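A.B. asks: dropping the sequence and predicted coords here.
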Amino acid sequence: MSTLNYINSFAPAKINLGLRILEKRKDGYHELRTLMAPISIGDKIEIELLPKGIEFETTGDFDVPKDSSNLALKAALLFLSHYKLKIGLRIKLTKIIPPGAGLGGGSSDAAAVLTSLKTLLSIEDSMDNLFRLAAQLGSDVPFFLFRKPALCTGRGEILNSVALPLPYPTQGLLIYPGFPVSTPWAYKTYAEFRQKGLISSSLTHEIDQPLNDLEEPVFSKYLWLPTVKNWLQNQFDPALCLMSGSGSSIFALFDKEDPLFMKKVIQHAQAHLGSDCWIRSFTILERF
Ligand SMILES: C[C@](O)(CO)[C@H](O)COP(=O)(O)OP(=O)(O)OC[C@H]1O[C@@H](n2ccc(N)nc2=O)[C@H](O)[C@@H]1O
Ligand SMILES: Nc1ncnc2c1ncn2[C@@H]1O[C@H](COP(=O)(O)OP(=O)(O)OP(=O)(O)O)[C@@H](O)[C@H]1O
């Protein structure tokens, strides 16, 4: 057992630099090909060892569940039961990543709890087993254990290293419109559209094109999102502009590595898109 009794970690958001759906699988998931990258905006997770009992507290900019449906607490309970540990914990989550925004916030929190507990409790087990626990918690969780950009396949849990630097600029603008989109709903609507022959982009373009196949179903219901995307493209001519994951957030990447330019872009976007929109600049992390 280590002598540590407290650990504090950064749980970054991710963006999907393209998300292509290959097919619906027999288990209900979709076979994916998505390039994911961690970004500089993230939550904070603090864990303290206690003699007994589990205390879970959340604070920060957004409300998230305070019970065992919270992925951070779920990850801790899974870890303790998997390794048959009888230790107590105090977990404090500071929520900075908007929930339901396609930024993988819950998944990142879960991965941060798994790695923190492995360190704090000096568990010598292999990382492969931690990846298996991560995949039980959600398709995006293994990516956050990988801690660097990856081409994710399978249902998202198979991680392939990518050559760095990425073929995209690393400075960007992130817009969360102030409402969430449900991930199961987005995939379900995509499958319905595809069954009815309503999907125009899927498989008709090269699979490695930087497109997000979930935009079509999500944009058909949330009309503000294509408006924001078109506005960003027309105003600033970004190198890449896409919805992240299943939405609701939209990001744009810019060639200019100039803080003054980003400041102006944020001011302009905030003035035009209104105060309901949460707008931040970020950089892509090559490692965290
Ligand atoms: C949209 C993305 O964030 C892109 O990175 C992920 O694909 C979603 O990952 P996640 O939130 O970890 O998703 P999970 O918790 O595993 O799955 C939630 C639900 O989304 C749908 N789902 C998810 C992943 C996938 N490859 N196919 C799916 O159809 C399923 O209905 C599933 O029940
Ligand atoms: N620690 C957590 N942080 C955020 N949301 C959480 C957390 N735990 C559970 N949730 C629930 O999960 C839902 C999705 O949250 P999350 O922020 O992970 O979505 P997302 O980023 O859109 O997911 P995805 O991984 O599908 O892109 C929310 O509605 C929220 O109630």
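C.D. replies: Noted; the coordinates are in hand. Here the structure is a predicted model, which means the values were calculated and not measured. Ligands and ions are numbered 1, 2, ... in the order given.
A.B. asks: endpoints of stretch 268-285, how far apart?
C.D. replies: Taking CA to CA, to the nearest Å, stretch 268-285 runs 25 Å from one end to the other.
A.B. asks: and what of stretch 232-242?
C.D. replies: 10 Å.
A.B. asks: and the helices in the protein, which stretches?
C.D. replies: Using DSSP state H, the helices of the chain run over 71-82, 105-120, 127-137, 141-146, 183-195, 215-221, 224-236, 259-273.
A.B. asks: any chance of those helices in CSV with mean pLDDT and mean neighbour count as columns?
C.D. replies: C-beta coordinates here come from the backbone N, C-alpha and C atoms, glycine included. Formatted as CSV, the helices of the chain follow (pLDDT from 0 to 100; neighbours: other CB atoms under 10 Å):
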stretch, mean pLDDT, mean neighbour count
helix 71-82, 98, 20
helix 105-120, 98, 25
helix 127-137, 97, 17
helix 141-146, 98, 24
helix 183-195, 96, 16
helix 215-221, 97, 19
helix 224-236, 97, 16
helix 259-273, 93, 14
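A.B. asks: closest one to ligand 2 among those?
C.D. replies: helix 105-120 (2.8 Å; CB to the nearest ligand atom).
A.B. asks: which among the helices of the chain is found nearest to ligand 1?
C.D. replies: When these are compared for distance to ligand 1 using CB to the nearest ligand atom, the nearest one is helix 183-195, at 3.6 Å.
A.B. asks: among the helices of the chain, which comes closest to Leu164?
C.D. replies: When those are compared by CB to CB, helix 141-146 sits nearest Leu164, at 13.2 Å.
A.B. asks: that closest one near ligand 2 at all?
C.D. replies: No: using CB under 6 Å from any ligand atom, helix 141-146 stays clear of ligand 2, coming no nearer than 8.6 Å.
A.B. asks: could we number from 27 for the rest of this?
C.D. replies: Shifting the count to begin at 27 puts that one at helix 167-172.
A.B. asks: what are the contacting residues of that helix?
C.D. replies: Outside of helix 167-172, the residues within contact range by CB atoms under 8 Å, 6 or more residues apart in numbering are 37-38, 40, 62, 64, 97, 101, 130, 133-134, 136-138, 140-141, 153, 156-157, 160-161, 176, 178, 182-183, 185.
A.B. asks: contacting ligand 2 as well, which ones from those?
C.D. replies: Restricting those to those within reach of ligand 2 (CB under 6 Å from any ligand atom) leaves 97, 130, 133.
A.B. asks: how many residues are close by the residue nearest to the last one when sequence neighbours are not counted?
C.D. replies: Put plainly, it is Ser133. Nearest-residue entry for Ser133: Asp166, 3.8 Å, with adjacent residues in sequence omitted and distances by CB to CB, 6 or more residues apart in numbering. Asp166 is flanked by 29 other residues according to other CB atoms under 10 Å.
A.B. asks: tally up the residues packed near the closest residue to Lys121 other than its chain neighbours, please.
C.D. replies: Closest residue to Lys121 apart from its sequence neighbours, by CB to CB, 6+ apart: Gly86 at 3.7 Å. For Gly86, the count of nearby residues is 14 (other CB under 10 Å).
A.B. asks: contacting residues around Gly86?
C.D. replies: 69-70, 119-122.
A.B. asks: also Met62?
C.D. replies: 40-43, 130, 166, 169, 175-176, 178.
A.B. asks: who does it form a beta bridge with?
C.D. replies: Going by DSSP bridges, Met62 is paired in beta bridges with Asn42, Ala176.
A.B. asks: that one and Phe172, how far apart?
C.D. replies: Distance, Met62 to Phe172, using CB to CB, to the nearest Å: 9 Å.
A.B. asks: check Asn260 too.
C.D. replies: Taking CB to CB as the measure, Asn260 and Phe172 are separated by 35 Å.
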